[in-house]
Each structure stands twice: as structure tokens, then as C-alpha cells.
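Novice: Model the following, please.
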Amino acid sequence: MFVLVTYDVPAERTRIYRKLLRKYLEHIQYSVFHGDITEGQLVAIRNEIEDVLEPDDSVFIFESNVSADVECTVLGDADEPGSRFT
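Specialist: Okay, here's the model as predicted:
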């Protein structure tokens, strides 16, 4: 399953989410992560997010059961997803 996760949190809390999400997904922009994971890993991500979530935090999780259905176009000065080590 393909997952895209974005978050908008106070600056002092970004480290918490970055560390959590890097365990499962590729970090492609400041608060954007994506990757192919299992449903069990998605459940783990949700549970871990719920454990650290505070009232000012917002997290969006986009899912697709078939990663082949997701097309990514990169515009501007950015690396192609999957091309860097995070």
C-alpha cells in the first residue's frame, strides 16, 4: 500500500514527527513522507502518531491500495523520490 503523510505542527515538535515517520517512510520534503508499507505498518504509524498528537498538531495520511496507481511528477529543483538516502 502506498502512503503519503504530511504534518503541520509547531516548530519545536517537528523533530518528534520526523523521527517517527522516518522509521517507516522516505522523507521527501520538510513535512512530507511517502512510501510503500504494509497495513500493519500503517496501523503502527497511526498508533504512534496518536500517542504524541497534541491539540495544535495536524497530520494528513493519504492511502492507496495499489502503489502503481500513484504517479509522481517532480517540478523544480528537487530529487526524484527514492533517489536519496534519509
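
Novice: List the neighbouring strands of the helix or strand bottoming out on mean pLDDT in the chain plus their orientation.
Specialist: Lowest by mean pLDDT, DSSP states H and E among the helices and strands of the chain is strand 26-29, with a mean of 92. Next to strand 26-29 in the sheet, as set by DSSP bridges, lie strand 32-36 (antiparallel).

Novice: can you list contacts of the strand it pairs with?
Specialist: 1-6, 21-22, 24-28, 67, 81 (C-beta atoms under 8 Å, 6 or more residues apart in numbering). Just so you know, the C-beta spots here come from the backbone N, C-alpha and C atoms, and that holds for glycine as well.

Novice: Show me which of those residues is closest to P55.
Specialist: T6 (18.2 Å; C-beta to C-beta).

Novice: Now do the helices in the protein.
Specialist: 14-22, 39-52 (DSSP state H).

Novice: list the buried ones in the longest one?
Specialist: Residues of helix 39-52 classed as buried under the neighbour-count rule (16 or more other C-beta atoms under 10 Å) are Q41, L42, I45, E48, I49.

Novice: And the third one, how close does it get to F62?
Specialist: I45 sits 12 Å away from F62 when distances are taken as C-beta to C-beta, to the nearest Å.

Novice: Low-confidence ranges, this structure, go.
Specialist: Residue ranges of the chain with pLDDT under 70: 80-86.

Novice: wait, which of the helices of the chain is closest to E71?
Specialist: helix 39-52 (20.8 Å).

Novice: How many neighbouring residues does S31 have?
Specialist: 17 (other C-beta atoms under 10 Å).

Novice: Now it. Nearest residue, chain neighbours left out?
Specialist: Y7 (4.9 Å; C-beta to C-beta, 6 or more residues apart in numbering).

Novice: what number of residues lie near the nearest residue in space to S58 that is not next to it in sequence?
Specialist: Spatial nearest neighbour of S58, chain neighbours left out: D8 (4.8 Å); criterion: C-beta to C-beta, 6+ apart. When counting by other C-beta under 10 Å, one arrives at 12 neighbours for D8.

Novice: OK, contacts around D8?
Specialist: S31, D57, S58.

Novice: quick one: contacts for the second one?
Specialist: The neighbours of D57, taking C-beta under 8 Å, 6+ apart as the test, are Y7, D8, V9, P10, R13, Y17.
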